[in-house]
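1. With the sequence up front, the predicted model follows.
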Amino acid sequence: VGKYLSLFEDPKDTPPPTRVETREERVERKRREKAEQVAYKLEQDIALWEPHNNAAGTVDPFKTLFVARVNYDTSESKLRREFEVFGSIKKIVIVHNKITGKPRGYAFVEYEHERDMHYLAMPEGASTVLYVLANGSFGLYGIW
């Protein structure tokens, strides 16, 4: 064996072993990189966001009513007809999916005057439900 020692590489000249990333380390690194990308994109979106220039949004939040669980077939005119009973409506926004264009099931009703919003206010713990029947008629139903 002694005569073959000269054929081996000198340990001083041997480069250090390369570090191989384990599967867990790779998954953690990719997760961390993805989180950094999301945080960077969020910061950029927040910096570029101008809520006052949003044409699809409502102007005054104190005059705006959030309507949840809206039937997907409900139109703006149906909502206007039902909520105009409480006061003059400035704008109705039915929220749609940006990609598919389908309704998301909720809407915003902006009134001309804030007092119209207060007219809709119910006592503590009470709620009002806009119901839609199968024949297309609908209305407001109070649940106490």
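-> Great, that's in hand.

2. Just the element for Gly105, please.
-> Of the helices and strands defined by DSSP states H and E, Gly105 is found in strand 103-111.

3. how about the helices in this protein?
-> Here the chain has its helices, by DSSP state H, at 23-48, 76-83, 114-120.

4. what packs against the second one?
-> Spelled out, that is helix 76-83. Helices and strands touching helix 76-83, as assessed by 3 or more Cβ pairs under 8 Å, 6 or more residues apart in numbering; DSSP states H and E, comprise strand 64-67, strand 89-96, strand 103-111, strand 138-143. All C-beta atoms are positioned from the backbone trio N, CA, C, and that covers glycine.

5. The closest residue to Phe66 other than its chain neighbours - how many residues pack around it?
-> Once flanking residues are discounted, Phe66 sits nearest to Phe108: 6.1 Å by Cβ to Cβ, 6 or more residues apart in numbering. With neighbours defined by other Cβ atoms under 10 Å, the count for Phe108 comes to 18.

6. before we move on, what about the one 5 residues further on?
-> A count of nearby residues for His113, using other Cβ under 10 Å, gives 12.

7. Report whether the expected contact of Tyr106 with Tyr72 is present.
-> No. With contact taken as Cβ atoms under 8 Å, Tyr106 and Tyr72 are classed as non-touching, separated by 10.7 Å.
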